[in-house]
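**Student:** predicted coordinates and the sequence they were generated for:
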Amino acid sequence: MPVLNVCDLHKSYGDLRAVDGVSFSIEAGEIFGLLGPNGAGKSTTINIIATLLVPDRGEVRLDGIARSSSAAYKRKLGYVPQEISLAEKLTARENLMLVGRLYDLSGTALRRRVAETLDAVGLADRAGDLVKTFSGGMKRRLNIAGSLLHEPDLMLMDEPTAGVDPQARAYIFEIVERLAEGGRSILYTTHYMEEAQRLCRRTAIIDHGRILASGTLAELVAGIKAKRDLVIEAEGLSAQTTADLAAALGGVPWMMDGATAHLNIADTDHKLLDVVRAADKAGIEPTTISIHEPNLETVFLELTGRALRD
């Protein structure tokens, strides 16, 4: 049985449909991504699951427990908000002790969990330092530690790398991956393509409050029309020789971009050696040949008609 089941969630603000019929499920130990631009409905969805917002309609179940059963439901949930939620004038240890008491942890059990979670996010050596002395990446990691204290079954991570540098982002990736390897289920929202591709076993593409497609990268790519992009730079490259090559490869679509040729080939067709032989017959002497596979950005562009950064 899935750890989390979300069924037909709706949330509107006047005429704005922030969440419009969102449904998905998450398995144990799975990192499930919600990928979309700012304003797509990611945070509204995650805030409904976190019980911070009440949906207009729809159902959420965590380990079979309905969202309305708040006490038992919340015990199974860890929430990492997009905004850092820490007391700057307390130490890292004091912040976690405070959070732990909110979950009715105390005494030896609380001290043990604080030590374990600080170690898990690489902050054991900074336990006694004030949070106001921490970098943005360290604060993000401490935010994650606070959501882990009560050992939840599901982690909600709302853009947990927002505003951090590449090194800190890579560290957070490692933390997220270790949590999943340990059996934790994670709902991870992001508008960064590379994050979803690296971390998430399955990804749902969301825009204007609706999930447009969901699945593994292979499943998402299989559902679109876009093909592989064969890129050639060569001596003797012209519109005519490129057209001849395209015809030799079965009449595939092609275009010229300055001195570079692009040909759209199906994922099951044309091994690289076939391309080289066909290019030679067309009078093309390649200096560079590369094949670019469709990715999440390709999928998003085809589904929405715009790049994710727009």
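**Tutor:** All right, it came through fine.

**Student:** now stretch 203-212 - C-alpha only, CSV.
**Tutor:** Extracted in CSV, the C-alpha atoms of stretch 203-212 (Å, rounded to 0.1, in the frame of the first residue of the first chain):
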residue,chain,number,x,y,z
THR,A,203,8.0,13.1,-11.2
ALA,A,204,4.7,14.8,-11.7
ILE,A,205,4.8,17.9,-14.0
ILE,A,206,2.4,20.5,-12.6
ASP,A,207,1.4,23.8,-14.1
HIS,A,208,-1.6,26.1,-13.4
GLY,A,209,-2.7,23.8,-10.6
ARG,A,210,-3.0,20.7,-12.7
ILE,A,211,-0.7,17.6,-13.1
LEU,A,212,0.0,17.3,-16.8
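
**Student:** who's in contact with that stretch?
**Tutor:** Contact with stretch 203-212 is made by 11, 17-24, 32-37, 40-42, 44-45, 196, 213-217, 220, 296, 299-300, 303-304, as judged by Cβ atoms under 8 Å, 6 or more residues apart in numbering. The C-beta positions use only the backbone N, C-alpha and C, and glycine is treated the same way.

**Student:** do me a favour and average the pLDDT over that stretch.
**Tutor:** In this model, stretch 203-212 has a mean pLDDT of 96.

**Student:** buried set for it?
**Tutor:** 203-207, 209, 211-212 (16 or more other Cβ atoms under 10 Å).

**Student:** please name the residues that touch the residue nearest in space to the middle of the chain.
**Tutor:** Nearest to the mean C-alpha position of the chain, counting by Cα atoms, centre = their mean, stands Ala196 at 3.1 Å. Neighbouring residues of Ala196 by Cβ under 8 Å, 6+ apart: 33, 35, 188, 190, 203, 296.

**Student:** okay, buried residues for stretch 75-89 please.
**Tutor:** 75-82, 84, 86.

**Student:** let's have those residues in JSON lines, adding distance to Thr242, secondary structure and pLDDT.
**Tutor:** Shown next, in JSON lines, are the buried residues of stretch 75-89 (distance: Cβ to Cβ, whole Å; DSSP: H, G, I helix; E, B strand; the rest coil; pLDDT from 0 to 100):
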{"residue": "Arg75", "distance to Thr242": "62", "secondary structure": "helix", "pLDDT": "93"}
{"residue": "Lys76", "distance to Thr242": "58", "secondary structure": "coil", "pLDDT": "95"}
{"residue": "Leu77", "distance to Thr242": "56", "secondary structure": "strand", "pLDDT": "95"}
{"residue": "Gly78", "distance to Thr242": "54", "secondary structure": "strand", "pLDDT": "96"}
{"residue": "Tyr79", "distance to Thr242": "53", "secondary structure": "strand", "pLDDT": "96"}
{"residue": "Val80", "distance to Thr242": "50", "secondary structure": "strand", "pLDDT": "95"}
{"residue": "Pro81", "distance to Thr242": "52", "secondary structure": "coil", "pLDDT": "93"}
{"residue": "Gln82", "distance to Thr242": "47", "secondary structure": "coil", "pLDDT": "90"}
{"residue": "Ile84", "distance to Thr242": "52", "secondary structure": "coil", "pLDDT": "92"}
{"residue": "Leu86", "distance to Thr242": "57", "secondary structure": "coil", "pLDDT": "95"}
